[in-house]
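*Asks:* Show me the folded form of this:
(one chain, ligands or ions: 2)
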Amino acid sequence: MFNGEVRTMLSKTESEFRRSSQRRRASSFLLLTLLVPTTALAQAIQLFDNIPGSFVDISGSKPLVIGADDEIEITTFFGNFVFPSGIMVVANNGGVSFQNPPSNDLAPLNAPLPSAAAFGGGQSVLAYWDDFDDKDGEVYFFEQDGRAIVQWHNRRLGANPASTARFQLQILQDPGPAGLVAQLVFSHIEQTGVEGGSSATIGYQDGGAGFGNAQWSFDTPGAVSNSTVPSLVVADTSPVPATSDWGLIVTALAVLAAGTLCIRKCLRLQHRA
Ligand SMILES: [Ca+2]
Ligand SMILES: [Ca+2]
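*Replies:* Numbers count the residues shown, from 1 in each chain. Ligands and ions are numbered 1, 2, ... in the order given. Predicted coordinates:
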C-alpha cells in the first residue's frame, strides 16, 4: 500500500517534470529566436583608396574598334561573384556594363549615380564617365595574371588636343579575403581640360545586382590624381551579435542543459529507491 502511494507520487512528479521540461524547451527556443539575428547577410560595394594597385599598360594589344559615343560587347574569361565572366559592354565614354544591362548605351553627358543615362541604369563601373572623342588614342581590352583589363588610352575630352586621359579598370578573378573585386587605376588624369574629374562621374552603379551604388565623385576637380587607385571592395554590412550576446546564449543553454540532467538523475534515483 505504502509502495503503491510512493509509485503514484513519483509518477505524478515525473509527468509534472515532463511538462515543465517541455516548457523549458519552448522557452529556450524562444530565447534563441530572440537573441540569434534573423537578418540575412547583406553585402555592399565600398570604395577605398588604401589598397595598392598598379597601372598595367596593355596598349601593345589590339585596340577595340569603337567610335566617339559607341559601345562594344566583348567576352571576358576572368570574373568574380560581383562581375561574372562572360559578356561585358565597353563604352568609349569611360565605363563598362555587366550582366545584360537594359541598354548598351553610355550617354556622352555624365550624371550622378544611379542614372538611366548609364546603360539604362544597369550594373556598371563608371571608371571615368565623360564625353571622350575618338580622334586621339584607343581603347584596349586584355586579360592577364587573373585580371580583365580595359584601358582608355589617351582618349581626348573637348577641343584641346592636350586634354587626353589615360586610365584603366581591372576586374579581379580572385577577390581574396579583402573582397577586392575591381580597381580603377589612373595614370594621366590631372592635365588641363581633365583636372582629375572636373566633368566626369566616377563610381559603381548596382543596377539591382544587390551590392548598392557607390559614387566616388561627380563633376569634382581633383577627385582623382595620377596616383589614385579607387578599389571596389565588397564589405559585409549585416548586423552581427556582439561577443557578449553569444556568451549569454551559450551560458543560458549550458545552465538549462545542466539543470535538466540533474533533475532527471534525481528522479531516477528516487524511482529506484
Ligand atoms: Ca563621346
Ligand atoms: Ca561631362
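*Asks:* The closest residue to residue 134 other than its chain neighbours: what's it in contact with?
*Replies:* Distances taken as Cβ to Cβ, 6 or more residues apart in numbering place residue 68 nearest to residue 134, at 4.4 Å, with adjacent residues excluded. In this view, the C-beta of every residue, glycine as well, is placed from N, C-alpha and C. Residues in contact with residue 68 (Cβ atoms under 8 Å, 6 or more residues apart in numbering) are 92, 108, 132, 133, 134.
*Asks:* can you give me phi and psi for residue 68?
*Replies:* The phi and psi torsions at residue 68 (degrees, to the nearest 10) take the values phi -50, psi -50.
*Asks:* which ones among the contacts of residue 68 come in contact with ligand 1?
*Replies:* Checked against ligand 1 using Cβ under 5 Å from the ion, the contacts of residue 68 yield the following neighbours: 108, 132.
*Asks:* between the contacts of residue 68, which is closest to ligand 2?
*Replies:* Within the contacts of residue 68, proximity to ligand 2 (Cβ to the ion) peaks at residue 108, which comes in at 7.4 Å.
*Asks:* That closest one: neighbour count?
*Replies:* For residue 108, the number of neighbouring residues by other Cβ atoms under 10 Å comes to 16.
*Asks:* Then residue 48?
*Replies:* When neighbours are counted by other Cβ under 10 Å, residue 48 comes out with 14.
*Asks:* ok, the residue in the stretch 151-273 of the chain positioned nearest to ligand 2 to residue 102 distance?
*Replies:* Using Cβ to the ion, the single residue of the stretch 151-273 of the chain nearest to ligand 2 is residue 199, 3.7 Å away. Residue 199 sits at a distance of 25 Å from residue 102 (criterion: Cβ to Cβ, to the nearest Å).
*Asks:* Looking at these two, which has the bigger crowd around it?
*Replies:* Relative neighbour count places residue 199 above the other of residue 199 and residue 102, with 19 against 13, counting by other Cβ under 10 Å.
*Asks:* what residues does the protein put near ligand 2?
*Replies:* Residues of the chain found near ligand 2, taking Cβ under 5 Å from the ion as the criterion, are 110, 130, 199.
*Asks:* Please flag which of those residues sit within strands.
*Replies:* Mapping the residues of the chain next to ligand 2 onto strands (DSSP state E) picks out no residues; all lie outside.
*Asks:* Tabulate the residues you listed in a markdown table, adding columns for pLDDT.
*Replies:* Output for the residues of the chain next to ligand 2, formatted as a markdown table (pLDDT from 0 to 100):
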| residue | pLDDT |
| --- | --- |
| 110 | 98 |
| 130 | 98 |
| 199 | 97 |
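*Asks:* Among the residues you listed, which one sits closest to ligand 1?
*Replies:* Closest approach to ligand 1 among the residues of the chain next to ligand 2 (Cβ to the ion): residue 130, at 7.9 Å.
*Asks:* that older thread, from residue 174, how far out is the residue of the stretch 151-273 of the chain closest to ligand 2?
*Replies:* Look at residue 199 and residue 174: by Cβ to Cβ, they are 35 Å apart.
*Asks:* where does the protein have low pLDDT?
*Replies:* Across the chain, the stretches falling below the confidence threshold (pLDDT under 70) are 1-41, 238-256, 258-273.
*Asks:* And the helices in it?
*Replies:* Along the chain, counting by DSSP state H, helices occupy 2-35, 243-272.
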